[in-house]
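A.B. asks: Give me the fold of what follows.
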Amino acid sequence: MNKTIDRDEINRQMASLLSLGRDPVEVPLEVKPKPAAAKLDLSIIFFSDINQGMDHKYQLVFDLTEFADRHGFTAVWLPERHFHPFGGIYPNPSVLAAALAVKTKQIRLRTGSVVLPLHHPIEVVEAWSMVDHLSQGRVDLGFASGWNPNDFIISRDTFGEHRKIWFDRIPIVEKLWRGESMTFQNGKDEPSDIRIYPKPIQETLNVWLVVSRSEESFRIAGSKGYNVLTMLAGIDLAKLSEKIKIYRDARRDNGFDPEGGVVTLMMHTLVHRNLDIVRKAVREPFYDYIKSALTGHVQAFDKGQRPSEEETKKMVDYSYERYFKTGALFGSLAEAQDIAEKAVNAGVNEIACLMDFGVDYKVVMESLPYLLEFKETVSQ
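C.D. replies: Numbering: from 1, shown residues only. As a prediction, the model looks like this:
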């Protein structure tokens, strides 16, 4: 028989499995608003479920990227995901970035993210140096530690130490990117000096650290001078503002301009004529998207700790309502502007709009003029 769980238990499992936090509460930000001239960049980020309903799995990626490129969006972000329908069409972001590089002219090509413990630094730099050449120097890289044990089928020895390896390998990637020679053991277990060819066009690499709840990760990102890609994972904007302050303080304490780093916030996005249209368009696909995401998170737990079907449904129901109200960029232009203002006041520099979560293709394309109007109002 399935055990029943109370609301507090649902919330606890939500935070650990889905990283979606507690009840939505409007908490005043204890952050002084930035000047009216403060700029909020807009970019596009992808993380489709493989069952999004399109015959051509990458058509929406191509169409949204070309739209963003034409209209001056800052970047397009590509994930790395393995062996699961949630994000499963993105096992190698460098392959997709190479295709986008020759279709675009100005938009930055970013990873959100490379799971660095799964790859030798040489492999990363070689692949992305090619993309840097194909794009004429438009590559930025975001790095993550990974968490799903199934992903580490392709790098079994690094699981368990993946967080440490994540931090250790970023400086190696940066050195190789700059064209420096480094020594590695070859197939005969002999030291061999290696440089990367072709050398990237960009002399230095712009690095993002992909972080969510860990204050220590925000602190490390700041201390190393990295940028940050984050999400409202178990927190609201008020709590995020506290983490951003930790990040800014760490930059200052380590000799970096405290305001120089970029904080990018990923948000599920549909800006349209009014909230009713958005609510109708996202209800079923966003619900299914959250359910798919949950099954991916559950893989990381021992079988005895996994929720029952009844518990899973409760968590998805609760998650949908919480995310729709407080964790996404959903609604009319005015409602989107209100969310953007709160994000800027929290210290966010850029919103990465996630639009490929299963909303009907036609509705997504119809929404683009509204998204563009939103961009023009927040990026002045």
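
A.B. asks: can you give me the strands in the stretch 101-250 of the chain?
C.D. replies: Assigned by DSSP state E, counting those that start in this stretch, the strands in the stretch 101-250 of the chain fall at 108-111, 114-115, 139-144, 182-185, 191-194, 207-210, 227-231.

A.B. asks: Pick the most deeply packed of these.
C.D. replies: strand 114-115 (a mean of 27; mean count of other CB atoms under 10 Å). All C-beta spots, glycine's among them, are computed from the backbone N, C-alpha and C.

A.B. asks: What helices and strands are in contact with that one?
C.D. replies: strand 139-144 (3 or more CB pairs under 8 Å, 6 or more residues apart in numbering; DSSP states H and E).

A.B. asks: Using PDB, write out every CA atom in the strand it packs on.
C.D. replies: The C-alpha coordinates for strand 139-144 follow below in PDB (Å, rounded to 0.1, in the frame of the first residue of the first chain):
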ATOM      1  CA  VAL A 139      31.700  30.700 -28.200                       C
ATOM      2  CA  ASP A 140      31.200  31.000 -24.400                       C
ATOM      3  CA  LEU A 141      31.200  27.900 -22.100                       C
ATOM      4  CA  GLY A 142      29.200  27.200 -19.100                       C
ATOM      5  CA  PHE A 143      30.300  24.200 -16.900                       C
ATOM      6  CA  ALA A 144      28.400  22.000 -14.500                       C
END
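
A.B. asks: What strands flank that strand, and is each parallel or antiparallel?
C.D. replies: When pairing is defined by DSSP bridges, strand 139-144 lines up against strand 108-111 (parallel), strand 114-115 (parallel), strand 207-210 (parallel).

A.B. asks: Residues contacting it, please?
C.D. replies: 75, 77, 80, 97, 108-116, 124, 128, 131-132, 166, 169-170, 173, 200, 202, 205-210, 227, 229 (CB atoms under 8 Å, 6 or more residues apart in numbering).

A.B. asks: Could you list the low-confidence segments of the stretch 51-200 of the chain?
C.D. replies: Low-confidence segments of the stretch 51-200 of the chain, defined by pLDDT under 70: 51-56, 84-87.

A.B. asks: where along it do the helices fall?
C.D. replies: Counting by DSSP state H, counting those that start in this stretch, one finds helices in the stretch 51-200 of the chain at the ranges 59-70, 93-101, 121-134, 162-177.

A.B. asks: Output these as TSV; include the columns mean neighbour count and distance to residue 285.
C.D. replies: Shown next, in TSV, are the helices of the stretch 51-200 of the chain (neighbours: other CB atoms under 10 Å; distance: least, CB to CB, whole Å):
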stretch	mean neighbour count	distance to residue 285
helix 59-70	18	12
helix 93-101	21	22
helix 121-134	20	30
helix 162-177	18	31
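
A.B. asks: okay, now the residue lying closest to residue 246 once chain neighbours are set aside: neighbour count?
C.D. replies: Nearest residue to residue 246, sequence neighbours excluded (CB to CB, 6 or more residues apart in numbering): residue 218, at 4.9 Å. Using other CB atoms under 10 Å, residue 218 is surrounded by 26 other residues.

A.B. asks: Could I get the contacting residues of residue 40?
C.D. replies: Neighbouring residues of residue 40 by CB under 8 Å, 6+ apart: 340, 343-344, 348-351, 378-379.

A.B. asks: hang on, isn't the residue nearest to residue 246 packed against residue 243?
C.D. replies: Yes. Assessed by CB atoms under 8 Å, residue 218 is found in contact with residue 243 at 4.7 Å.

A.B. asks: How far does stretch 120-130 sit from its chain's centre?
C.D. replies: Distance of stretch 120-130 from its chain centroid, counting by CA atoms, centre = their mean, to the nearest Å, is 20 Å.

A.B. asks: oh, I was asking about stretch 112-121
C.D. replies: Distance, centroid of stretch 112-121 to centroid of chain: 14 Å (CA atoms, centre = their mean).

A.B. asks: re the thing from before, looking at the strands of the stretch 101-250 of the chain, which is nearest to residue 154?
C.D. replies: strand 114-115 (9.7 Å; CB to CB).

A.B. asks: ok now stretch 192-206, how far from the chain's centre?
C.D. replies: 25 Å.

A.B. asks: And that stretch, end to end?
C.D. replies: Using CA to CA, to the nearest Å, the end-to-end distance of stretch 192-206 comes out at 27 Å.

A.B. asks: picking up where we left off before, can you flag which of the contacts of residue 40 belong to helices?
C.D. replies: 340, 343-344, 378 (DSSP state H).

A.B. asks: From the residues you listed, list just the buried residues.
C.D. replies: Neighbour counting over these (16 or more other CB atoms under 10 Å) leaves 340, 343-344, 378 as the buried ones.

A.B. asks: and which of those is nearest residue 137?
C.D. replies: Distance to residue 137 across these (CB to CB) is lowest for residue 378, with 26.8 Å.

A.B. asks: Indicate which one of the strands of the stretch 101-250 of the chain is closest to residue 152.
C.D. replies: From the strands of the stretch 101-250 of the chain, taking CB to CB, the stretch that ends up closest is strand 114-115, at 9.0 Å.

A.B. asks: Enumerate every residue touching residue 181.
C.D. replies: By CB under 8 Å, 6+ apart, the contact set of residue 181 is 193-195.
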